[in-house]
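Visitor: show me the folded form of this:
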Amino acid sequence: MSMIEAASVRLSTILCGLAVALLASAPASADPFSPAKSKATLTVTYTLKGGGTDRPESHEREVIWSVDEHYEITATMVAEKPSGFGSFHKPDAAEQAGMAQRQAAAEAGAQNMQSMMEMAQAIMAKCGEDEACIQQETIKMSQQIDPNDPKLKATKQNIETASAMPGDRYQVFSAGPQTGTYTIAGKAHEAYFDAACSLKNQTPCAFDSTVSGTGRLTDGNGNTSMMTGALAEIDSQSGSLVFQIPRPGIAAAKRTVTSKNPEVKTGTFDEIRTLKAEKLYGEQITVSCGACRSASGTITRDVEDEFLGRPAKLVIDWKFSRP
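Guide: This is a model prediction of the structure:
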């Protein structure tokens, strides 16, 4: 071997050694899923604000109001085992093609097994409940089957295709406990005019209201820890998160009404708030977030307040995190 050839061999050996070392030191790919039964958290802040002056040109009323409500909840969710099938994500084109392929293979396999099904039915008809007879006839039937029969091979292939399950791609986070707090503040001046009451002389008909409350949110039984309505699912392939915003819970408030109008009921009264936004709570929200270990965002909705039933703006800031 010449000196040049020897050097070439040594160089190849060194390069191979370096390649092996690099491969050995390369970090293993991270598991995209959270450990089963580990806890994920969804923190949600709901801020509802509204207000204005309703004084039409007809001078039939004057309403001046403001509403400021703040709810904050922390919902805990439990990681389920990963799955090849999505619960909340809609199947993409590849998944739809795979499902169609498995369905077609199952149907084709069933057709190819029709003759075997007929033979099995014949054995049942002949043997009834006689186990020894069934075993003996089954052995005879198996001896008649040609393992090289193209139809049998096709049946085997169809069964394998129909039974092939996709690899893990999705992970659901199911409902756990939820807790939260709230602060409510609102005030209104209302006057609805008639012959004895006008914009310039509101005293006979006007009344003023305030509503306030602060504390911990509860469920219908007064518990401050309740089962959350939050659910979530990650798609490790597309890097997306689907989740559902929970209802915050029940808030207790007090309304105080003052007026010189004898027909208006005055005093202080107990009220409850549930932050009504029905369409929002049934909505599944999808966001792109890569590995989705942590994700956050803001949702805005036009709603009606629970104070006077007037238009208000609901801003929801949310943050999802998982191990």
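Visitor: output the contacting helices and strands for the top strand by length along the chain.
Guide: For the chain, the longest strand by residue count, based on DSSP state E, is strand 170-192. Secondary-structure packing of strand 170-192 (3 or more Cβ pairs under 8 Å, 6 or more residues apart in numbering; DSSP states H and E): strand 61-79, strand 207-216, strand 226-227, strand 231-235, strand 251-259. For glycine as for every other residue, the C-beta is placed from the backbone atoms N, C-alpha and C.
Visitor: just want the angle from the last one to strand 61-79.
Guide: Between strand 251-259 and strand 61-79, the angle formed by their directions is 170 degrees, by axes from the mean of the first three to the mean of the last three Cα atoms, to 10 degrees.
Visitor: just to revisit the earlier point, ok, which of the helices and strands packed on strand 170-192 comes nearest residue 55?
Guide: strand 61-79 (4.8 Å; Cβ to Cβ).
Visitor: tilt between the closest one and strand 170-192?
Guide: Using the same axes, to 10 degrees: strand 61-79 against strand 170-192 is 170 degrees.
Visitor: adjust the sequence numbering to begin at 43 for everything that follows.
Guide: Sure thing, new numbering starts at 43, so read that last one as strand 103-121.
Visitor: can you list the buried residues in strand 103-121?
Guide: Under the neighbour-count criterion of 16 or more other Cβ atoms under 10 Å, strand 103-121 has 104-105, 107, 109-121 buried.
Visitor: do the same with stretch 291-308
Guide: Those would be 291, 292, 293, 294, 295, 297, 299, 301, 303, for stretch 291-308 by 16+ other Cβ under 10 Å.
Visitor: tell me where the stretch 43-192 of the chain has helices.
Guide: Using DSSP state H, counting those that start in this stretch, the helices assigned to the stretch 43-192 of the chain run over residues 45-67, 135-154, 156-169, 173-185, 192-205.
Visitor: outline the domain layout of this structure.
Guide: Here the domain parsing of the chain from automatic domain parsing is 81-126+211-363, 135-205.
Visitor: and the residue most central in space within the chain, what helix or strand is that in?
Guide: Residue closest to the mean C-alpha point of the chain, counted by Cα atoms, centre = their mean, is residue 285 at 2.7 Å. Per DSSP states H and E, residue 285 falls inside strand 282-286.
Visitor: other residues contacting that strand?
Guide: Residues outside strand 282-286 that contact it (Cβ atoms under 8 Å, 6 or more residues apart in numbering): 84, 130-131, 271-277, 323-331, 334, 337, 360, 362.
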